[in-house]
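Student: build me a model from this:
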Amino acid sequence: MQPAPEEHALSVAPKQMKSTMGKTSRRRFLGGAAASVAAFTIVPGRALGLDGETPASNRLNIAGVGIGGMGRSNLKQCSAENIVALCDVDQEYAAKTIAEYPQAKVYRDFREMLDRQKDIDAVIVATPDHTHAVVAMASIRAGKHVYVQKPMAHSVYEARVMTEAAREHKVATQMGNQGHSGDGIRVLCEWIWGGAIGAVREVHAWTNRPVWPQGIEMERPKDTPPVPATLDWDLWLGPAPPRPYHPAYLPLSWRAWWDFGTGSLGDLGCHVLDPVFWALKLQYPDSVEGCISTYWGGFWQKTEPRNEMYPRSTIVRYHFPARGDMTPVRLTWWDGGMMPPRPEELEEGRQMGDSDGGALFIGDKGTIMCGCYGKGPRLIPETRMKEFTPPPATIARIPGGMDGHEKDWIRACKGGPAASSNFDYSGPLSEMVLMGNLAVRFPGRRLMWDGQKMEVTNDAEAQSYVRRAYREGWKL
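Tutor: Here you go, the predicted structure:
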């Protein structure tokens, strides 16, 4: 069952489930070292590595899987701990990161790493989206704490199973939506919960993505260039259906392909929609529908999408039922240059959101606009903002804000409060985002959704994509 959003961080002394360490004596020690400070919002920096050196006896042994891109940044934020293992299927792409941690053992296959290196306490997963779940689930079952880049999974089913497994194995988790540790999202929640704009019945959210080639291919590339000597292509494919290597897929453009990425919505939805999900205490939508930009092929010939690449632009419309004292709400997602109507009360020349995206919360008594990650919330117009007296802060702040997102997880690994975007929160958030992609796959249909059962109740074809098939040899 999905916990109510307010259970994750409601007050200066948040009511959160304490993380439970593994069974080894090392983990019992790490957990005990932090137990006495678990109830406090801000703990002594020297004890938890926020100020100066972390005591050697209190350092986690961390492994990174997928270390050439965002994984490198995540590891850097954790460098006060022991980085003991590095795993990537492309040793050339990962070369800079490998050079930065010469003491770490290097692997290509995460399964070999988990089997051979028993001193690992926690794993950072920053592979392409289609392999998040298989790496994270193997790590969780091995008793490792996990930090998984957003979105935490490629399908709704994967997100649900990961959430349940983390709870069962009592490991500390965090999704890489760093905005959830920022101050902006907390301010926005406090305003909305304090009634600053009354009941919110309509929200619009948007992003500038894609910033990679997308919606330009109707079919897979036909040519088959040789696989680079430094890349294990079969491992890179992981659970995805087999296909020949092509540079159109990597190192960065995999986001555009259905088999590997989650498109614009998957890339930025867990950032832009996070403040919407939290502030409005959303759970499961009861319906989702999508529309997409037109595909053209041949000589001015409109063709149906073949679900090889995500469209250039999409609009996704969610409907959520009433939740406690909150009214039903309609949420509309826009990407690929598509934008909601500009509010009449917004001053001419003023940017909507920020360069990455933003959201508009339209209430009975006013409108709030924020940027990506919930940054910089403002009542509009600015004259309304100047008259506004913000309510007092009631939600615990994360030390370091967005830059402290990984350290928030590290504290949870050591026995502190659950991380701000642990899977009990980020799992349902990811499910909402991925349900939007399901609607994009079947544009023009309204999918009726039973979230508890993970069931599209009116469309058997769409239901078949809630849980994707893995190729032989791969499983959760």
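Student: longest single helix anywhere in the chain?
Tutor: Assignment by DSSP state H gives helix 423-441 as the longest helix of the chain.
Student: how far away from the center of its chain is that one?
Tutor: Offset of helix 423-441 from its chain centre (CA atoms, centre = their mean, to the nearest Å): 9 Å.
Student: before we move on, what about stretch 446-459?
Tutor: That offset, for stretch 446-459, works out to 22 Å (CA atoms, centre = their mean).
Student: for stretch 147-164, same thing?
Tutor: With CA atoms, centre = their mean, you get 9 Å for stretch 147-164.
Student: coming back round to it: the longest helix of the chain - contacts with which helices or strands?
Tutor: The contact analysis (3 or more CB pairs under 8 Å, 6 or more residues apart in numbering; DSSP states H and E) places helix 423-441 against helix 156-169, strand 173-175, helix 263-272, helix 274-279, strand 287-292, strand 314-320, strand 446-450. The way it works is simple: take the backbone N, C-alpha and C, and place the C-beta from them, glycine included.
Student: could you look up the SS state of residue 470?
Tutor: Using DSSP: H, G, I helix; E, B strand; the rest coil, the secondary structure recorded for residue 470 is coil.
Student: which residues touch the closest residue to it other than its chain neighbours?
Tutor: With sequence-adjacent residues excluded and distances taken as CB to CB, 6 or more residues apart in numbering, residue 470 is closest to residue 239, at 3.9 Å. Counting by CB atoms under 8 Å, 6 or more residues apart in numbering, residue 239 touches 130-131, 134, 470-471, 474-475.
Student: cool, residue 241 as well?
Tutor: 259, 471.
Student: ok but it is inside a strand, no?
Tutor: No - according to three-state DSSP, residue 241 belongs to no strand; its state is coil.
Student: where does it land on pLDDT?
Tutor: For residue 241, the pLDDT comes out at 96.
Student: quick one, phi/psi of it?
Tutor: Per-residue torsions, residue 241: phi -60, psi 140 (degrees, to the nearest 10).
Student: the strands in the stretch 301-450 of the chain, which residues?
Tutor: In the stretch 301-450 of the chain, strands defined by DSSP state E, counting those that start in this stretch lie at 301-303, 314-320, 329-334, 357-363, 366-371, 378-380, 446-450, listed in chain order.
Student: my bad, should have said the stretch 51-200 of the chain
Tutor: 61-65, 82-87, 105-107, 122-125, 145-148, 173-175, 200-207.
Student: may I see the ones you listed organised as a markdown table, with distance to residue 369 and mean neighbour count added?
Tutor: Conversion of these to a markdown table gives the following (distance: least, CB to CB, whole Å; neighbours: other CB atoms under 10 Å):
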| stretch | distance to residue 369 | mean neighbour count |
| --- | --- | --- |
| strand 61-65 | 37 | 27 |
| strand 82-87 | 40 | 23 |
| strand 105-107 | 46 | 17 |
| strand 122-125 | 33 | 27 |
| strand 145-148 | 30 | 30 |
| strand 173-175 | 25 | 31 |
| strand 200-207 | 10 | 22 |
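Student: redo those strands as CSV? Include distance to residue 368 and mean pLDDT.
Tutor: Conversion of the strands of the stretch 51-200 of the chain to CSV gives the following (distance: least, CB to CB, whole Å; pLDDT from 0 to 100):
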stretch, distance to residue 368, mean pLDDT
strand 61-65, 37, 98
strand 82-87, 40, 98
strand 105-107, 47, 98
strand 122-125, 34, 98
strand 145-148, 30, 98
strand 173-175, 24, 98
strand 200-207, 9, 98
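Student: columns distance to residue 270 on top of those strands, output as CSV?
Tutor: Listed next are the strands of the stretch 51-200 of the chain as CSV, based on distance: least, CB to CB, whole Å:
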stretch, distance to residue 270
strand 61-65, 19
strand 82-87, 23
strand 105-107, 28
strand 122-125, 14
strand 145-148, 11
strand 173-175, 7
strand 200-207, 11
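Student: and for residue 263, the neighbour number?
Tutor: Applying other CB atoms under 10 Å, we find 27 residues neighbouring residue 263.
Student: should've said residue 387
Tutor: Neighbours of residue 387 (other CB under 10 Å): 8.
Student: please apply the same query to residue 233.
Tutor: If you count neighbours by other CB under 10 Å, residue 233 ends up with 17.
Student: residues contacting it?
Tutor: By CB under 8 Å, 6+ apart, residue 233 lies in contact with 89, 227, 245.
Student: cutoff 6 Å now
Tutor: With contacts defined as CB atoms under 6 Å, 6 or more residues apart in numbering, the neighbours of residue 233 are 227, 245.
Student: pipe the strands of the stretch 301-450 of the chain into a markdown table and attach mean pLDDT and distance to residue 429 per row.
Tutor: Below are those laid out as a markdown table (pLDDT from 0 to 100; distance: least, CB to CB, whole Å):
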| stretch | mean pLDDT | distance to residue 429 |
| --- | --- | --- |
| strand 301-303 | 61 | 34 |
| strand 314-320 | 98 | 13 |
| strand 329-334 | 98 | 13 |
| strand 357-363 | 98 | 14 |
| strand 366-371 | 98 | 17 |
| strand 378-380 | 98 | 24 |
| strand 446-450 | 98 | 15 |
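Student: could you redo those as JSON lines and give each row mean neighbour count?
Tutor: Output for the strands of the stretch 301-450 of the chain, formatted as JSON lines (neighbours: other CB atoms under 10 Å):
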{"stretch": "strand 301-303", "mean neighbour count": "9"}
{"stretch": "strand 314-320", "mean neighbour count": "22"}
{"stretch": "strand 329-334", "mean neighbour count": "21"}
{"stretch": "strand 357-363", "mean neighbour count": "24"}
{"stretch": "strand 366-371", "mean neighbour count": "23"}
{"stretch": "strand 378-380", "mean neighbour count": "20"}
{"stretch": "strand 446-450", "mean neighbour count": "19"}
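Student: you'd agree residue 259 is up against residue 240?
Tutor: Yes - counting by CB atoms under 6 Å, residue 259 does reach residue 240; the two are 4.6 Å apart.
Student: so what's residue 15 scoring on pLDDT?
Tutor: 31.
Student: quick one: low-confidence ranges for the protein?
Tutor: Low-confidence segments of the chain, defined by pLDDT under 70: 1-57, 295-306.
Student: try it again at 50.
Tutor: Scanning the chain with the threshold set as pLDDT under 50 gives 1-52.
Student: re earlier: who's in contact with the longest helix of the chain?
Tutor: If you take CB under 6 Å, 6+ apart as the criterion, helix 423-441 is touched by 2-3, 8, 151-153, 156, 159, 163, 166, 173, 175, 262, 265, 269-270, 277, 288-290, 307, 314, 316, 333, 447, 462, 465.
Student: of these, buried ones?
Tutor: Buried members of the contacts of helix 423-441, scored by 16 or more other CB atoms under 10 Å, are 8, 151-153, 156, 159, 163, 166, 173, 175, 262, 265, 269-270, 277, 288-290, 314, 316, 333, 447, 462, 465.
Student: please parse the protein into its domains.
Tutor: Split into domains by automatic domain parsing, the chain comes to 5-181+399-425, 183-397+430-463.
Student: so what's the gap between the longest one and the chain middle?
Tutor: Right, the one you point to is domain 183-397+430-463. In terms of CA atoms, centre = their mean, the centre of domain 183-397+430-463 is found 11 Å from the chain centre.
Student: show the contacting residues for residue 178.
Tutor: By CB under 6 Å, 6+ apart, the contact list for residue 178 reads 402, 405.
Student: switch to 10 Å and redo it
Tutor: Counting by CB atoms under 10 Å, 6 or more residues apart in numbering, residue 178 makes contact with 73-74, 77, 150, 271, 274, 373, 398, 401-406, 408, 420-421.
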